[in-house]
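Chemist: One predicted model, sequence on top.
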Amino acid sequence: MVQILDNPWRGRGLGADLEMPCDDAAAVTALLAQCPAHQATPLRDLPDLAARAGVARLWVKDERGRMGLGSFKALGAAHAIAREAAAVQQGDWAAALSGRVYVTASAGNHGLSVAAGARLFGARAVIYLARTVPDSFAARLAAKGAEVRREGDTYEASMAAADAAARAEGWTLLSDSTWPGYTALPLLVMEGYLQLAAEAADQIDAAPSHILLQAGVGGLAAAVAAHARRVWGDDPCIIVVEPAAAPALIESIRAGRVVETAGPASCMGRLDCKTPSMIALHGLARDADRFVTITEAESLGGVAALAEHGLDSTPSGAAGLAALLAGLDLPREARVLAILSEGPEVG
């Protein structure tokens, strides 16, 4: 670990009047019940990997097969678009959002969710990618019917371009991050992620003592942490894992406000976000116990170790487990819940 920070805001957050993530998955579950492509992803009990990590139990919520899109992000933007379609449709779901254009920036998986959701309900999707995003993701987005545009060398630069396009064209910006004046749709994205947390809580056979949550802008981590507190209260120790090259949350927690960080590009590309989501930060300031950053080598070592156990993923998808395997120094009696958030790179 490069940094380890115990959260000084735990239990109280950064302010009583701040907007927080939702913690109730009921609305998401009800909407997904109408989707024929939806089914729960597995929670894997992995005793061999637990022994390797030096803990008593290890459960891994395996999101690699989520709705055929290969990551937890299938639950996010597509859910937000489905909620908008449900509000306006008059019987024909396939044309519910005809004429709408959703635009966003993505490192890959969020864009796939936007593209899939838009196509399902008759809208268009325009996805801005930084030049550092692999061509394989651009090809997958195009195959889902999205228009792909390249802009800038970082996620932040591509997001600025998407925001500018939304303003210029009258399109709907659908980011997975939040900032002052922009919260409504990203909150629906985060709400979608509650589904995997609710499934894990139903599937697990004992309450976890520790929960590992990898984070980029922090939407997944904040949603899962909020639901974990709803289900298990204060008992689990919730640990947020970020790349050392993109320590947006840990530095914002240290400062007590949203801060923009800097660093080199990370192999954990989907987590390589230099500025956190405002609402995710608020939620994690209240709900997370500890923030840690991991090196590129620790991340790649985790990917290799997981592959030996048949759990192929990417540095982004495996980051939480990589921190555990790199020596997070948990008690031997620890019962750990982690998320394998995406499958391996395609093409």
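Modeler: Structure received.
Chemist: And the contacts of the helix or strand harbouring I127?
Modeler: Using DSSP states H and E, I127 maps to strand 124-129. Strand 124-129 has contacts (CB atoms under 8 Å, 6 or more residues apart in numbering) with 100-108, 111, 114-115, 117-119, 137-138, 141, 144-151, 158-159, 161-162, 165, 171. (C-beta placed from N, C-alpha, C; glycine too.)
Chemist: what residues are up against D289?
Modeler: D6, N7, R10, C237, I238, I239.
Chemist: how distant is whatever helix or strand comes next after the strand holding I127 from the center of its chain?
Modeler: Where DSSP H and E defines the elements, the next helix or strand beyond strand 124-129 is helix 135-143. Relative to its parent chain, helix 135-143 has a centroid offset of 20 Å by CA atoms, centre = their mean, to the nearest Å.
Chemist: so what's S71 bridging to?
Modeler: Assessed by DSSP bridges, S71 has beta-bridge partners E342.
Chemist: so what's it up against?
Modeler: Here S71 is in contact with E63, R64, N109, L112, G317, S341, E342, G343 (CB under 8 Å, 6+ apart).
Chemist: Is I238 inside a helix or a strand, and which specific one?
Modeler: strand 237-243.
Chemist: Also compute the angle for the helix or strand just after that strand relative to strand 237-243, please.
Modeler: Sequence-wise, the next helix or strand downstream of strand 237-243 (DSSP H and E) is helix 248-255. Interaxial angle, helix 248-255 versus strand 237-243 (axes from the mean of the first three to the mean of the last three CA atoms, to 10 degrees): 120 degrees.
Chemist: begin at 9 from here
Modeler: All set: I'll call the first residue 9, so the last point we hit is now helix 256-263.
Chemist: which strands and helices sit next to helix 256-263?
Modeler: strand 11-14, strand 245-251, helix 286-295, strand 298-302 (3 or more CB pairs under 8 Å, 6 or more residues apart in numbering; DSSP states H and E).
Chemist: What are the contacting residues of the second one?
Modeler: Going back to what we said before, that points to strand 245-251. Here strand 245-251 has contacts from 217-224, 226, 229, 233, 236, 256-258, 271, 274, 276, 279-280, 292, 295-302, 304, 307, 327-328, 330-331, 336, using CB under 8 Å, 6+ apart.
Chemist: Make sure C30 is actually in contact with V197.
Modeler: No - using CB atoms under 8 Å, C30 makes no contact with V197, being 10.9 Å away.
Chemist: Have a look at these two and say which one is more surrounded.
Modeler: Just comparing C30 and V197: by other CB atoms under 10 Å the higher neighbour count belongs to V197, 30 against 22.
Chemist: Correct me if wrong: the more buried one contacts A82.
Modeler: No - V197 is beyond contact range of A82, at 11.3 Å (criterion: CB under 8 Å).
Chemist: which parts of stretch 263-279 are buried?
Modeler: By neighbour count on 16 or more other CB atoms under 10 Å, the buried set for stretch 263-279 is V266, V267, T269, S274, C275, M276, G277, R278, L279.
Chemist: and the top helix by length along the chain, what does it pack onto?
Modeler: If you go by DSSP state H, the chain has its longest helix at helix 192-211. When contacts are defined as 3+ CB pairs under 8 Å, 6+ apart, helix 192-211 sits against helix 34-40, strand 51-53, strand 65-70, helix 85-96, helix 227-240, helix 286-295.
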